[in-house]
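below are the sequence and a predicted model for it; my questions follow.
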Amino acid sequence: MTAVIEVQNLTKRYKDTEALAGVSLSIQRGAIYGLLGRNGAGKTTLMSILTAQNFATSGEARVFGESPYENPRVLSRMCFVRESQKYPDDATARHAFAAARLFFANWDQALADRLIEDFQLPMKQTIKKLSRGQLSAVGVIIGLASRAEVTFFDEPYLGLDAVARQIFYDRLIEDYAEHPRTIILSSHLIDEVANLIERVIVIDKGRILLDEETDAVRDRAVTVVGDAAKVDAWAEGREVLHRDELGHVASVTVLGHLTAEERAEVAASGLDLAPVSLQQLIVRLTQKAGASSESAADTQEVR
């Protein structure tokens, strides 16, 4: 695979806040990425810098081998769908799509028309009078119909109900299969997008916590449930992400792959194994990282 985006030691500061802290990553051509993390983790800042809508404090970002800033060769090959997109007061969805058709060389009007019907989008109503979900639908339609070589979706489903979100996911997969390109999907509905994404990038407090193939991530952790004493004995020496206890029963989520032999030993001990969803794993990793940073800060204060 060929890298379309290369980021090295990217840092962004807003006064006393560090939105990105030395981020380095590589995004390959022809894959769907999940850029996951809590609100304020740095996802939008990173995408804004990559699409030249924001400036880095330090570090380097290259797209298609070039800097994206004031570079029409690069910018014309990308599409950034964000919830805060602004339109003129008198603009309708029809105006927005007409402008997109002129800008994006790979624009597919047939796909746009199909999506307009799927989302039942009113075309004559001004965008400022659209509901939150309808406004999101405008962005989703532009992002998919543009068929840009790199498309960023920043929380694209806001305001969409469950049916509309599923339409988006279905159409994305259908069109991606026929027209492969690089898609970066920012979301906090992790379980909903887990089956869409091929690679997971987790960002927290401006730092990359995880950057791996999705299939590999799914096997990164396991939960063991049973008698508290037995569970704790089994978990001793392992990297524990989370522990719950109710009465004499404990549940421990540990990081690491279990071999077939280890799984058999767990069963022989009368303990139960439970899978860890992608969302659970990311939540636990984020919580652990947060606890570690707080502990380090407390240690510095003591010193």
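Okay, I see it. Numbers count the residues shown, from 1 in each chain.

got a list of what the nearest residue to Ala194 once chain neighbours are set aside touches?
Once flanking residues are discounted, Ala194 sits nearest to Leu278: 4.4 Å by Cβ to Cβ, 6 or more residues apart in numbering. From N, CA and C alone the C-beta is placed, and that goes for glycine too. Contacts for Leu278 (Cβ atoms under 8 Å, 6 or more residues apart in numbering) come out as Ile190, Asp191, Ala194, Val200, Thr214, Val217, Arg218.

separation between Leu278 and Arg171?
To Arg171, Leu278 is 22 Å away according to Cβ to Cβ, to the nearest Å.

check Val138 too.
Separation of Val138 from Arg171 (Cβ to Cβ) stands at 14 Å.

so between the two, which is more surrounded?
Val138 (24 against 19; other Cβ atoms under 10 Å).

on the three-state scheme, that one is what?
Three-state call for Val138 (DSSP: H, G, I helix; E, B strand; the rest coil): helix.

how many neighbours does Glu174 have?
12.

can you tell me the SS state at it?
Following three-state DSSP, we place Glu174 in the helix state.

contacting residues around it?
By Cβ under 8 Å, 6+ apart, Glu174 has no neighbours at all.

for the stretch 201-303 of the chain, just list every one of the helices.
Secondary structure of the stretch 201-303 of the chain (DSSP state H, counting those that start in this stretch): helices located at 214-218, 228-235, 260-268, 278-302.

and these: which comes nearest Gly37?
For Gly37, the closest of the helices of the stretch 201-303 of the chain is helix 278-302, at 7.1 Å, according to Cβ to Cβ.

what are the phi and psi values for the residue nearest to Glu18 when sequence neighbours are not counted?
Leaving aside its chain neighbours, Glu18 sits nearest to Gly206 (5.5 Å; criterion: Cβ to Cβ, 6+ apart). Phi and psi for Gly206, reported as degrees, to the nearest 10, are phi 80, psi 10.

quick check: Gly37 touching Val200?
No - using Cβ atoms under 8 Å, Gly37 is not in contact with Val200; the gap is 10.5 Å.
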